[in-house]
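A.B. asks: Make a model of this:
(chains A and B)
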Number of protein chains: 2
Amino acid sequence: MLNPKRDWKARARATRQAGRRLAGLTSARRRGLLEQVADALLENQPAILAANQLDVAEGAQAVREGRMSAALAARLQLSPGKLQTLAGGIRAIAAQPEPLGRELARRELAEGLVLQQLSVPLGVLLVVFEARPDALPQVAALALRSGNGLILKGGREAARSNQVLHSTICQALAGEVPEAVLTLAESRDDVGELLALDGLIDVVIPRGSGAMVRAIQDGTRIPVLGHAEGICHIYVDRTANFSQARQILLDAKTDYPAACNAVETVLLHEALVADDTATRLLEALRQAGVQLFGGPRACAALGLPAASSLHHEYSDLACAVELVADLDAAIDHIHRWGSGHTEAIVSEDPELIEEFLARVDAACVFANASTRFADGWRFGLGAEVGISTGRIHARGPVGVEGLLTSKWVLRGSGDTVGPFSRGERGFSHRELHGSG
Amino acid sequence: MLNPKRDWKARARATRQAGRRLAGLTSARRRGLLEQVADALLENQPAILAANQLDVAEGAQAVREGRMSAALAARLQLSPGKLQTLAGGIRAIAAQPEPLGRELARRELAEGLVLQQLSVPLGVLLVVFEARPDALPQVAALALRSGNGLILKGGREAARSNQVLHSTICQALAGEVPEAVLTLAESRDDVGELLALDGLIDVVIPRGSGAMVRAIQDGTRIPVLGHAEGICHIYVDRTANFSQARQILLDAKTDYPAACNAVETVLLHEALVADDTATRLLEALRQAGVQLFGGPRACAALGLPAASSLHHEYSDLACAVELVADLDAAIDHIHRWGSGHTEAIVSEDPELIEEFLARVDAACVFANASTRFADGWRFGLGAEVGISTGRIHARGPVGVEGLLTSKWVLRGSGDTVGPFSRGERGFSHRELHGSG
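C.D. replies: This next block holds a predicted model:
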């Protein structure tokens, strides 16, 4: 007999059923559940921090033995302050406008025959994340708000923290929604089995390193929302305001170099070499500790060491620099070497700016702003599920919208297509006022 | 050296470039191109019909030799009337509101920092269709209107018709958009190579039999828009108006039995057996030539022969019948055996209707209307790319909307995230009035 904890087909079906129950609750009840979850996280703080302490201690040991990076270990740690922030974030998600049942379209097809398009949950989400246990309550809150069933796989390093967070949340839901609505997978083998369940799981959202995202994309037929690479460019035009260019480059590279929206390649208009603007910009980056590598033209003109590739995510205090002849060359470079994440121009020429914004094909295109703004929270989406460089379903920072689909609802009174085919009735196709 | 006609990587890249050129044209120019295409189809009518005649003759031969069904052969035939209709359809697509550059959101993030979300083309579409050559100009028109590059693979049976339609359209575009914008693949091997180009092709749209769609879904990592099965149900509640139930069942099964939106399973409330409503409904279907098969309860109570499976698409004048105890049982049956395409209820009880519409999880849910209304044209979407039973990106009948994605555009004046992190600036996240 199959171990019921390992029968993932049955468990995924149970998660879908539970999600349907959740989606059937009133908006007020779903908000109420989130408030209960926020309360429970604070009430259960001692148990959560105790479990987390064990993970943190094990992480520290792993760092000493060279099995874990200090950066990863640092992200393991929860604290009363972090739990406070988490609870506040969940209440903010609760306070967002109701995502379900929004009327995306309303149309009279013919007399007495009215069509609506309504927002509904996607169904079952699989979220796979590394290390950081704070992700669990955040993602759970987004799924609960949007009426989705959720299967979560956290990092092994945070196993105890994830277990106590999961059981805290499930207890807060008890009696109102079946526990299967929030299912925790614990082993790497589980992930392999889950990724094979196309048809039972509707979308996979990986949150972690590029290598982890690529491994998931390569190993499943389920649609994946996310990005493996953020190779962001900033093109500094000859018309750029020098001090804006300098502060944007510094912010985009040094504010958080490991972020996917940090700049990886700086494209400089070739005219900036002659009047030493290029040199001054690069000097500002160097002084901030940024290691610079050059494309072929920048190596020749500015004496930089050669970049190993122009399609490279440094994720560190390092970036590539290349010279381009004009806007066309900058756009060609971006389309050839970029990853379609976030691309920016610094320029004072309004026409040139509009051409860049119109022609560059990426999830986010910015003028005179740091690439670091590409973020769900900064974009005002409330909370972020992730940033997608795919073109299907959701693109760029994804909030609750990315966890929804729609359904078409038609109400008639015995209507059939025959009379329309025979020309006895005609379609009016009249748009009615939608609420969305 | 690679045969350049077979280097699909390079050709798909050229199609993307050409699509970008197309998307960069003004709305008026893209409309103008469609008008030119419509004109060209009519002007080139003699050559198109001559080529089509050869395909039709070969098809007739294949029917005689038992290599092709008469139904398939019938769909090969073009005519002056069909070309006239096609040209009219293309002009209607030209007249639709501009799909590109629509403002889906506009938000002030902070003073002087404004974010827009704009509709943009998906990029490169691969459309694979069987037999029917009329699909080529229709799909080409949708791609042109929405600024997408298109790679098309038509049925071998219509090879000559497709070639002449393709060259007619390319000539109409000549000089304004590179020919690669509309690329014709001709062999089955080509399809295999194309389906491997995830990253270069953004979406695959198969139009053909369920077997063909399944083969494509199983053979690619590129997202597939479409449906393999349309196992639609109609639940006739005990409160149904008899004559509405009868006409809806007849329309949904007999208007076009091979359509994906034809009904395949009729669910009858068990109370309809006692007062012989069930018998009268089934008799009406039988008289219309419909063969009936039963689920376990219908076999026992109504003496029907057993259906081989309740998850079966008859695509013919045949359907399954089952008895259910109540709404819950009907919904459970639909969720267990359906394909998430179109599900309908016939009832006079407003509360029951609303519960069915809210709880049934399918692309289309109808009350007191035939499942045959599930169609892009009938829904008022203009033209239909296909009907998707997937939940990602597009669900149900898909029009031009399904060929679009969005991009985020941010305009600032030297803005960086540092001051926000340090609490020196704050986000306003103020919704501005969007045009969309």
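A.B. asks: ranges for the strands of the stretch 151-300 of chain A?
C.D. replies: In the stretch 151-300 of chain A, the strands defined using DSSP state E, counting those that start in this stretch lie at A:182-185, A:203-207, A:232-236, A:263-269, A:291-294.
A.B. asks: Could you measure from the residue nearest to the spatial centre of chain A over to B:G101?
C.D. replies: The centroid of chain A falls nearest to A:G386 when counting by C-alpha atoms, centre = their mean (0.9 Å). Distance of A:G386 to B:G101, given as C-beta to C-beta, to the nearest Å: 26 Å. Every residue, glycine included, has its C-beta placed from N, CA and C.
A.B. asks: One more: A:S339?
C.D. replies: 24 Å.
A.B. asks: From A:A344, how far out is A:L292?
C.D. replies: 18 Å.
A.B. asks: Where do the strands of the stretch 1-150 of chain A begin and end?
C.D. replies: A:103-110, A:113-121, A:124-129, A:149-153.
A.B. asks: Out of those strands, which gets nearest to A:G376?
C.D. replies: strand A:124-129 (14.6 Å; C-beta to C-beta).
A.B. asks: A:A320 reaches A:S308, doesn't it?
C.D. replies: No - contact criterion C-beta atoms under 8 Å: A:A320 and A:S308 do not qualify, at 9.2 Å.
A.B. asks: contacting residues for the closest residue to A:A180 other than its chain neighbours?
C.D. replies: For A:A180, ignoring the flanking residues on the chain, the nearest one in space by C-beta to C-beta, 6 or more residues apart in numbering or on different chains is A:A14 at 3.9 Å. By C-beta atoms under 8 Å, 6 or more residues apart in numbering or on different chains, the contact set of A:A14 is A:178, A:180, A:183.
A.B. asks: hang on, the earlier thing: how about the nearest residue to the residue nearest to the centre of chain A, chain neighbours excluded?
C.D. replies: In space, A:G386 is closest to A:G226, 4.9 Å off (C-beta to C-beta, 6+ apart).
A.B. asks: Check the gap between that neighbour and A:V263 for me.
C.D. replies: The separation that A:G226 has from A:V263, given C-beta to C-beta, amounts to 20 Å.
A.B. asks: With A:L281 instead?
C.D. replies: 12 Å.
A.B. asks: Tell me where the model's unsure across the stretch 1-150 of chain A.
C.D. replies: A:1-5 (pLDDT under 70).
A.B. asks: Tell me the residues of it that contact chain B?
C.D. replies: A:20, A:24, A:107, A:109, A:113, A:115, A:120, A:122-123 (C-beta under 8 Å from any C-beta of the partner chain).
A.B. asks: Show the buried residues in these.
C.D. replies: Buried subset of the residues of the stretch 1-150 of chain A next to chain B (neighbour count, 16 or more other C-beta atoms under 10 Å in any protein chain shown): A:20, A:107, A:109, A:113, A:115, A:120, A:122-123.
A.B. asks: picking up where we left off before, among A:G226 and A:V263, which residue is more densely surrounded?
C.D. replies: Using other C-beta atoms under 10 Å in any protein chain shown, the more surrounded residue of A:G226 and A:V263 is A:V263, with 30 against 25.
A.B. asks: picking that back up, so which of the strands of the stretch 1-150 of chain A is nearest B:D190?
C.D. replies: Between these, strand A:124-129 lies closest to B:D190; by C-beta to C-beta that is 33.9 Å.
A.B. asks: Reformat the residues of the stretch 1-150 of chain A next to chain B as a markdown table; add distance to B:T254.
C.D. replies: Formatted as a markdown table, those follow (distance: C-beta to C-beta, whole Å):
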| residue | distance to B:T254 |
| --- | --- |
| A:R20 | 33 |
| A:G24 | 35 |
| A:R107 | 27 |
| A:L109 | 21 |
| A:L113 | 20 |
| A:L115 | 23 |
| A:V120 | 31 |
| A:L122 | 35 |
| A:G123 | 33 |
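A.B. asks: just checking, A:D202 touches B:I392?
C.D. replies: Yes - contact criterion C-beta under 8 Å: A:D202 and B:I392 qualify, at 6.8 Å.
A.B. asks: if I look at those two, which residues touch both of them?
C.D. replies: With C-beta under 8 Å, 6+ apart, A:D202 and B:I392 have common neighbours A:122, A:223.
A.B. asks: Which positions in the stretch 251-400 of chain A make contact with chain B?
C.D. replies: Counting by C-beta under 8 Å from any C-beta, the residues of the stretch 251-400 of chain A that sit close to chain B are A:251-252, A:255, A:353, A:357-359, A:361-370, A:372-374, A:378-380, A:391-393, A:395-397.
A.B. asks: tell me the secondary structure for A:F356?
C.D. replies: helix (DSSP: H, G, I helix; E, B strand; the rest coil).
A.B. asks: For it, give its distance to B:A258.
C.D. replies: Separation of A:F356 from B:A258 (C-beta to C-beta): 50 Å.
A.B. asks: again, but for A:P133
C.D. replies: 53 Å.
A.B. asks: which of these two has more neighbours?
C.D. replies: A:P133 (29 against 12).
A.B. asks: how far away is that one from chain B?
C.D. replies: Separation of A:P133 from chain B (C-beta to the nearest C-beta, to the nearest Å): 23 Å.
A.B. asks: Same question for A:A174.
C.D. replies: Relative to chain B, and taking C-beta to the nearest C-beta, A:A174 is found at 23 Å.
A.B. asks: And for A:G376?
C.D. replies: On the measure of C-beta to the nearest C-beta, A:G376 and chain B end up 11 Å apart.
A.B. asks: first vs last residue of stretch A:216-224, how far apart are they?
C.D. replies: 8 Å (C-alpha to C-alpha, to the nearest Å).
A.B. asks: what about that stretch, distance to the chain center?
C.D. replies: 16 Å (C-alpha atoms, centre = their mean, to the nearest Å).
A.B. asks: who touches A:S347 in this structure?
C.D. replies: Per C-beta under 8 Å, 6+ apart, neighbours of A:S347: A:235, A:237, A:239-240, A:353, A:356, A:367-368.
A.B. asks: hang on, the earlier thing: what touches both of A:L281 and A:V263?
C.D. replies: Joint contacts of A:L281 and A:V263 (C-beta under 8 Å, 6+ apart) are A:L249.
A.B. asks: quick one: the helices in the stretch 151-300 of chain A?
C.D. replies: Applying DSSP state H, counting those that start in this stretch to the stretch 151-300 of chain A gives helices spanning A:159-173, A:188-195, A:210-218, A:242-254, A:271-274, A:277-287, A:296-302.
A.B. asks: picking up where we left off before, wait, the residue nearest to the centre of chain A touches A:R207, no?
C.D. replies: Yes - with contact defined as C-beta under 8 Å, A:G386 reaches A:R207; the gap is 5.9 Å.
A.B. asks: what's the overlap in contacts for those two?
C.D. replies: Joint contacts of A:G386 and A:R207 (C-beta under 8 Å, 6+ apart) are A:G226.
A.B. asks: Spell out which residues are contacts of both of A:A320 and A:S308.
C.D. replies: With C-beta under 8 Å, 6+ apart, A:A320 and A:S308 have common neighbours A:F293.
A.B. asks: more neighbours, the two?
C.D. replies: A:A320 (26 against 9).
A.B. asks: which residues does the more buried one contact?
C.D. replies: Counting by C-beta under 8 Å, 6+ apart, A:A320 has contacts A:264-266, A:292-295, A:298, A:307, A:310, A:312, A:314.
A.B. asks: element containing it?
C.D. replies: A:A320 belongs to strand A:318-324 when assigned by DSSP states H and E.
A.B. asks: which stretch among the helices of the stretch 151-300 of chain A comes nearest B:L42?
C.D. replies: Closest approach to B:L42 among the helices of the stretch 151-300 of chain A (C-beta to C-beta): helix A:210-218, 46.1 Å.
A.B. asks: Going by neighbour count, list what's buried in that closest one.
C.D. replies: For helix A:210-218, the neighbour count (16+ other C-beta under 10 Å) marks A:210, A:212-213, A:215-217 as buried.
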